[in-house]
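*Asks:* I would like to see how this sequence folds:
(chains A and B)
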Amino acid sequence: MDEKKKDKGNREKAFSRRYFLEMLGIGSIGIVSIGSMALSASYLSPNVVKEPPTKFKLGMPSNFSPGSVTLIQDQNVYVVRAKEGYFFALSATCTHLGCITNWKSEEGIIACPCHGSKFNKDGIVIGGPAPKPLPRFEMTLDDQGNLVVDKGVRVDESNLLKV
Amino acid sequence: MANKTIERLVASRVWRSVFRHGLPISNRARAESVFYNFFLHVHPVKVRKRSLKISYTWALGGLTTGLFFILTVTGALLMLYYRPSVSEAYADMKDLQFVVSSGLFLRNMHRWSAHAMVATAFLHMLRVFYTGSYKPPKEFNWVVGVLLLVLTILLSYTGYLLPWDQLAFWGISVGTNMARAVPFGIGDKMSYLLLGGNIVGENALVRFYVLHCFILPIATMVLMGVHFWRVRKDGGV
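*Replies:* Alright, predicted model coming up:
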C-alpha cells in the first residue's frame, strides 16, 4: 500500500511543471554549450593559410655538376646529383628534432649541429640519435627543362630523375 | 547502481583530497562547502530571501558580469586572427568577417556585447541609486562601481580603434584631441603618451591594443573582485 503511494508520488514528480522546466533549462544550456563548442572548433581551424608554396624551380640541370650536393638555403632541401648523372632531392631537416643539417664536403657526410646526427649523401643514418633517414621529395622537369622540387610529395629511393 | 558509484567516488582518496568536507547534507557541511571552495568563498553562507527577488536588483550586475565573460572569451578568439599593425589590421578585420568560419558571428557577438555591457553597467548604477544602495556603510563600493563604469567605457573606447577603419581613425583623433584640452600642457602630454606620438599611427594602434586586451581587462577583473567581495560581505547577492 505504502509502496504504491510512493510510486504514484514519484510518477507525479516525473511529470511536474517544475521537472519539465528544469529539463528545459538544462537542455537549453546543453544545446548552447555543444553549439558554441562546434562553432569554436570550426573557427579555430583557418580556412586560408598564407604559407610559402611547397613547389619551387631550380633552373637547368647543367647548373649542377655530377657528384655534387647543393643546399637550397631558403627551402632547406639538398639537391643531390650522383656521379652517374641522375638527380634526387633530400630534406635538410634532421629527422631527430628538426634542426637544419649541413653538408660537410670534405668528409662527404650530412651532419646535424644540434645533437650530432650523421647521414650519408643518400640520406641514410650513419650515426647519432636520428631515428629515420632523411625523406626524399619528388623531383621533375618542367616544359622548359627546369628542375622542379615539390616538398609536398615524398618519394622512395627508387624514384630518381634521369636527365 | 548510480548511487553506489557516487558513494564510492565520494569516499575515494582523490575526491577527499579535493573536497575535504562531506556532501552538503548537514548545515555544517553546507557552510564548509562554501568556506573551503575558492569559487564560492566570496558568497555569504546565507542570504535574505527578500534580496533574491528578481525585481530587487533586476540581475543587472550579474548581466554586466556575464557580458564581461562573453567579451573575454570572444575577444581571446578574435585575437587569434587579428594583428595590430597599420598594414594588417583592417584586412584582418575583413578576413574575420568574410573568410574565417563563424568569424562574423564572433565579431558581432563581441561588438553587441560591448554595447550591451555599457548599457547594463549604466542601468545597474541607476538601480543602485534608486534603491539607495550607495548609502553608508556601502559608500566605498559605489566609488569602486564608478571606477568600473569608467573602465567599461575605456574598454569600449580603446576597442573602437582596433578595426582601423575611418570610424576608428577619426574617433580616436577626436578623443585624443579632447584630452589635449586639459590646460598647462598636461593634456598635450597625455595625448602624446596615449598615442605614442603626435599622430594616430602604428604606435597608437599598438598602445590601444595593449590597453584593450591586457591592462584594462586586468584592472577591471581586480576591481570586480573587490566589488563582489564587498557586495557579498554586506549581505547582497
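
*Asks:* alpha carbons only for contacts and neighbour counts from here, please
*Replies:* Will do.

*Asks:* can you pull the buried residues of stretch B:43-52?
*Replies:* B:43-44 (16 or more other C-alpha atoms under 10 Å in any protein chain shown).

*Asks:* Kindly format the C-alpha coordinates of it as PDB.
*Replies:* Taking C-alpha atoms only, stretch B:43-52 is exported to PDB below (Å, rounded to 0.1, in the frame of the first residue of the first chain):
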ATOM      1  CA  HIS B  43      29.400  34.200  -1.200                       C
ATOM      2  CA  PRO B  44      27.800  34.700   2.100                       C
ATOM      3  CA  VAL B  45      26.800  31.400   3.700                       C
ATOM      4  CA  LYS B  46      23.200  32.600   4.000                       C
ATOM      5  CA  VAL B  47      21.300  35.400   2.200                       C
ATOM      6  CA  ARG B  48      17.900  37.000   2.900                       C
ATOM      7  CA  LYS B  49      15.100  35.600   0.800                       C
ATOM      8  CA  ARG B  50      14.000  39.200   0.200                       C
ATOM      9  CA  SER B  51      17.200  40.000  -1.700                       C
ATOM     10  CA  LEU B  52      16.800  37.000  -4.000                       C
END
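
*Asks:* looking only at pLDDT, what's the mean for that stretch?
*Replies:* Averaged over stretch B:43-52, pLDDT sits at 77.

*Asks:* Relative to the whole chain's centre, how far out is that stretch?
*Replies:* Mean-position distance between stretch B:43-52 and its chain equals 24 Å (C-alpha atoms, centre = their mean, to the nearest Å).

*Asks:* for stretch B:230-237, same thing?
*Replies:* Stretch B:230-237 sits 19 Å away from the centroid of its parent chain (C-alpha atoms, centre = their mean).

*Asks:* what helix or strand does the residue nearest the centre of chain B sit in?
*Replies:* By C-alpha atoms, centre = their mean, chain B has its centre lying nearest to B:Phe68, at 3.5 Å. Using DSSP states H and E, the element containing B:Phe68 is helix B:60-79.

*Asks:* buried residues in stretch B:122-133?
*Replies:* Per 16+ other C-alpha under 10 Å, stretch B:122-133 contains these buried residues: B:122-125, B:127-128, B:133.

*Asks:* swap in stretch B:8-23?
*Replies:* Result for stretch B:8-23 [16+ other C-alpha under 10 Å]: buried residues B:His21.

*Asks:* could you give me the average pLDDT of it?
*Replies:* 87.

*Asks:* which residues are contacting it?
*Replies:* Residues from elsewhere that reach stretch B:8-23 (C-alpha atoms under 8 Å, 6 or more residues apart in numbering or on different chains): B:29-30, B:32-33, B:36.

*Asks:* Which ones among those lie within helices?
*Replies:* B:29-30, B:32-33 (DSSP state H).

*Asks:* Please list only the buried members of those residues.
*Replies:* B:32-33.

*Asks:* out of the ones in helices among the contacts of stretch B:8-23, which one sits closest to A:Ser91?
*Replies:* Nearest to A:Ser91 among the ones in helices among the contacts of stretch B:8-23: B:Ser33, at 59.1 Å, using C-alpha to C-alpha.

*Asks:* measure the residue in chain A that chain B sits nearest to to B:Tyr81 for me?
*Replies:* When distances are taken as C-alpha to the nearest C-alpha, chain A reaches nearest to chain B at A:Tyr43, 4.9 Å away. The gap separating A:Tyr43 from B:Tyr81 is 10 Å, by C-alpha to C-alpha, to the nearest Å.

*Asks:* A:Ser65 too?
*Replies:* For A:Ser65 relative to B:Tyr81 (C-alpha to C-alpha), the value is 46 Å.

*Asks:* For the nearest residue to B:Leu195 once chain neighbours are set aside, which residues are in contact?
*Replies:* Closest residue in space to B:Leu195, ignoring its immediate chain neighbours: B:Ala204 at 4.1 Å, by C-alpha to C-alpha, 6 or more residues apart in numbering or on different chains. Contact analysis of B:Ala204 by C-alpha under 8 Å, 6+ apart lists B:194-197.

*Asks:* Wasn't B:Ala204 part of a strand?
*Replies:* No: remark: B:Ala204 does not belong to a strand; assigned using DSSP: H, G, I helix; E, B strand; the rest coil, it is helix.

*Asks:* Could you report the pLDDT at it?
*Replies:* Confidence score, pLDDT, at B:Ala204: 95.

*Asks:* How about A:Val155?
*Replies:* 91.

*Asks:* OK, contacts around it?
*Replies:* A:Val155 touches A:135-138, counting by C-alpha under 8 Å, 6+ apart.

*Asks:* more crowded one of A:Tyr43 and B:Tyr81?
*Replies:* Each of A:Tyr43 and B:Tyr81 has its neighbours counted (other C-alpha atoms under 10 Å in any protein chain shown); A:Tyr43 has more, 21 against 17.

*Asks:* Which residues lie in contact with that one in this structure?
*Replies:* B:100-103.

*Asks:* Report the rounded mean pLDDT for the helix ranked longest in chain A.
*Replies:* In chain A, taking DSSP H as the definition, the longest helix is helix A:17-44. The average pLDDT for helix A:17-44 rounds to 94.

*Asks:* again with stretch B:175-192
*Replies:* Stretch B:175-192 comes out at a mean pLDDT of 92.

*Asks:* so how far does that stretch reach from one end to the other?
*Replies:* 12 Å.

*Asks:* swap in stretch A:55-72?
*Replies:* 13 Å.

*Asks:* Now do that stretch: distance to the chain's middle.
*Replies:* On C-alpha atoms, centre = their mean, the centre of stretch A:55-72 falls 25 Å from the chain's centre.

*Asks:* Buried residues of it, list them for me.
*Replies:* A:61, A:64, A:66, A:68-69, A:71.
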